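Student: from the sequence below, what's the structure:
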Amino acid sequence: MKVILQRVSSGRVTVMNRTVAEIDQGVVLLLGIGQADGEEETRYLADKIANLRIFEDELGKMNRSLLDIGGAAIVVSQFTLYADTHKGRRPSFINAVPPDIARPMVDRFVEMLTNNGVPTQTGEFGEYMQVEIHNDGPVTIILDR
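Tutor: All right, here's what the predicted structure looks like:
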């Protein structure tokens, strides 16, 4: 499981000019599901993200988590995180799970993040989306498990 986490001052996802998710301060998470991923990886990353201290305290140090600041999350499923570009010029996505397996895993990740106390919205699985990310800092962190 791979996650590109971006700390944001705001984020929004639109599908066909319709807003499907929108947050103020929090994180936008681009989530890829790989062949070896399961419940353990999902639980680990949901907990890690909810408690990761990436927001500044009153002294300007990264000491606060999403939970501490009352921040929100947008999760966008992104199988392209598993692109293999070692051969040729067209990426291979053989290491990403097929959509029928990925969708319930993405839903489970969102459920776990929500259960950890993070208000969570999503893009629309399998749809062409426009993702607006107002990266705050900028802070971008790659997490995998």
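
Student: tell me where the protein has helices.
Tutor: Taking DSSP state H to define them, one finds helices in the chain at 39-51, 66-69, 99-115.

Student: quick check: mean pLDDT of the first one?
Tutor: When you say that, I think you mean helix 39-51. Taken as a whole, helix 39-51 has an average pLDDT of 97.

Student: that one vs helix 99-115, what angle?
Tutor: Counting by axes from the mean of the first three to the mean of the last three Cα atoms, to 10 degrees, helix 39-51 lies at 40 degrees to helix 99-115.

Student: which strands and helices sit next to helix 39-51?
Tutor: The contact analysis (3 or more Cβ pairs under 8 Å, 6 or more residues apart in numbering; DSSP states H and E) places helix 39-51 against strand 2-15, helix 66-69, helix 99-115, strand 130-144. C-beta here means a position set from N, CA and C on the backbone, and glycine is covered the same way.

Student: same check, this time on the longest one
Tutor: Taking 3+ Cβ pairs under 8 Å, 6+ apart as contact, the helices and strands that helix 99-115 lies on are helix 39-51, strand 72-77, strand 120-122.

Student: give me the buried positions along it.
Tutor: Of all the residues in helix 99-115, those buried under the rule 16 or more other Cβ atoms under 10 Å are 102, 105-106, 108-110, 112-114.

Student: tell me which of the helices of the chain lies nearest to Ile23.
Tutor: helix 66-69 (10.7 Å; Cβ to Cβ).

Student: contact partners of stretch 27-42?
Tutor: With contacts defined as Cβ atoms under 8 Å, 6 or more residues apart in numbering, stretch 27-42 is touched by 1-8, 11, 49, 54, 66, 71-82, 95-97, 101-102, 105-106, 108-109, 112, 131, 133, 145.
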